[in-house]
Every structure is written in C-alpha cells, then in structure tokens.
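S.K.: have a look at this prediction, sequence included:
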Amino acid sequence: MSNAEVGCYIKLLCFCWKQGSIPADVPRIAKLCNEPPEKMAGMWSSIEPCFRNGQPNRLIHPRLDVERKKQQRFSKERSESGKRGAEKRWKNNQKDGSAIKQPLAKNGFSSSSSTSSLKIKDNSAKKDFYLTYKKRKLTGKRLDTFELFWDAFGYKKGRSAAADSWLDIPELTDALVEKIVTAAKIESRERIKIFNSGGTPKMAQGWLTAERWTDEPYKKPKPETELV
C-alpha cells in the first residue's frame, strides 16, 4: 500500500471498530476518508482485500471482529469476578461488622458525598492496589473511580502516568468524578475527528493534568449521531 492507502485504511479501521462495519460502496467510503471518489476508487483495489462482506451493503474486518469478541468476553469475565468478590467482601464485613471507610480517607476521597449516580467497579477479585508510574499505590475508592475514568476515556495509552495524575487531584468528590467521567466519554466520542484530521489525540495524563473536563465543549454534551 502507498502512504495514502495506509492512511485511508487506518481511518476505515477506526470507523469499523466503532460501528462494527463500513459502507460497501466506494463513494461513501471516499466520504469517510475525506477523499475524492475518483481517487478513492483507485486506492480501493489495494484496501478492499482487507475487508469481507457482512450485512447487506456493509463490510466487516475479520480481525477486528475477533478482537471485539475477545474484549466482550474479557469484560464479562471481569464483571462476574467482581460480583463474586463483592459478595465475598460483603459477607466478611457482615461477620466482623466493619465498614469500608478508612481506604477512602487514606486516598483523599471525600466521604461526605453520595455515590448514588456512580457505578463503581469492584476490585476485590484483583490486586487491592495499582502501582503508578511514580511507584505510588492507587488503592480503595481512588482506584475504583480511576477505573471508571479509564474505561470512559477509551484511549488505552499511558495508564500508569494517568494514575499519577488521578492521585494528584486533591478533592475528588463523587460530583467531580461524575463530571470528569462524562467529559471523558465525550472526549472518546470526538477523538475520531482528531484521527481524521491527522492530529494526535490527548493522552489521559495530559488531559487530567490540564483539567480538560472544565473546557467549554464538555459543559453541554452533544448527542451521539451515526457517522454514516
């Protein structure tokens, strides 16, 4: 493939990963790649063998489908493991009458705020801490809420450095976590535009350090729309 063909191929992979498939006709593919239809028709002969027929008038990428199923299976296994861990921890707390309060204060998380609107992942089936890039331990509710942010942000690079930035947020109330997670989801949805324009997306560490959740675009989220 030429450099132009590789660029179009990567863009199509991004669309296919997000939507599950891409259009089967060249004019619509050209629109996705922001290329003239005539030029796209010439490049398509090199790119087309990477895709297979899926639904009517749609193309799929076999390798992406395999990876998607692996992620779904992994997510289901983690969810089931978390539920088992939560039940075990709950039973242990019932036996000794203890409450999970000290880890919250130890990690600088406000204990006065409500968690009703947040679905915190249970980490009892995994290690009870995560070691950051600076060799600091992320534990307790700080770790739970970091997992929420990390999943919402969706750009899986620089996790350990991002964990340091998460620890550096001083007053991490539930309301602030919800605001950050909401902004991270918007950032994840809008990232395809950065890829399409040839830009480099912001990594989680820089995004958190710059407090990008306070930027104007995140105050009034736009509804998600189909790209094609």
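M.R.: Structure received.

S.K.: mind listing the strands for the protein?
M.R.: Assigned by DSSP state E, the strands in the chain fall at 22-23, 52-53, 58-60, 129-131, 137-139.

S.K.: what's the burial count for residue 86?
M.R.: 16 (other Cβ atoms under 10 Å). In short, each C-beta sits where N, CA and C put it, glycine included.

S.K.: and residue 204, how far is that from residue 13?
M.R.: Separation of residue 204 from residue 13 (Cβ to Cβ, to the nearest Å): 22 Å.

S.K.: these two touch, right, residue 20 and residue 61?
M.R.: No. Residue 20 is beyond contact range of residue 61, at 9.5 Å (criterion: Cβ atoms under 8 Å).

S.K.: looking at these two, which one has more neighbours?
M.R.: residue 61 (22 against 15).

S.K.: the longest helix seen in the chain packs against which elements?
M.R.: Across the chain, the helix with the greatest residue count (assigned by DSSP state H) is helix 62-96. When contacts are defined as 3 or more Cβ pairs under 8 Å, 6 or more residues apart in numbering; DSSP states H and E, helix 62-96 sits against helix 3-19.

S.K.: okay, the helix it packs on in PDB with CA atoms only?
M.R.: The C-alpha coordinates for helix 3-19 follow below in PDB (Å, rounded to 0.1, in the frame of the first residue of the first chain):
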ATOM      1  CA  ASN A   3       1.200   6.100   2.300                       C
ATOM      2  CA  ALA A   4      -2.200   7.500   1.200                       C
ATOM      3  CA  GLU A   5      -3.700   4.000   1.100                       C
ATOM      4  CA  VAL A   6      -2.400   3.200   4.500                       C
ATOM      5  CA  GLY A   7      -3.900   6.400   5.900                       C
ATOM      6  CA  CYS A   8      -7.300   5.600   4.400                       C
ATOM      7  CA  TYR A   9      -7.100   2.000   5.700                       C
ATOM      8  CA  ILE A  10      -6.400   3.200   9.300                       C
ATOM      9  CA  LYS A  11      -9.300   5.600   9.100                       C
ATOM     10  CA  LEU A  12     -11.600   2.800   7.900                       C
ATOM     11  CA  LEU A  13     -10.400   0.600  10.700                       C
ATOM     12  CA  CYS A  14     -11.300   3.300  13.200                       C
ATOM     13  CA  PHE A  15     -14.800   3.600  11.800                       C
ATOM     14  CA  CYS A  16     -15.200  -0.200  11.600                       C
ATOM     15  CA  TRP A  17     -14.200  -0.600  15.200                       C
ATOM     16  CA  LYS A  18     -16.700   2.000  16.400                       C
ATOM     17  CA  GLN A  19     -19.600   1.000  14.200                       C
END
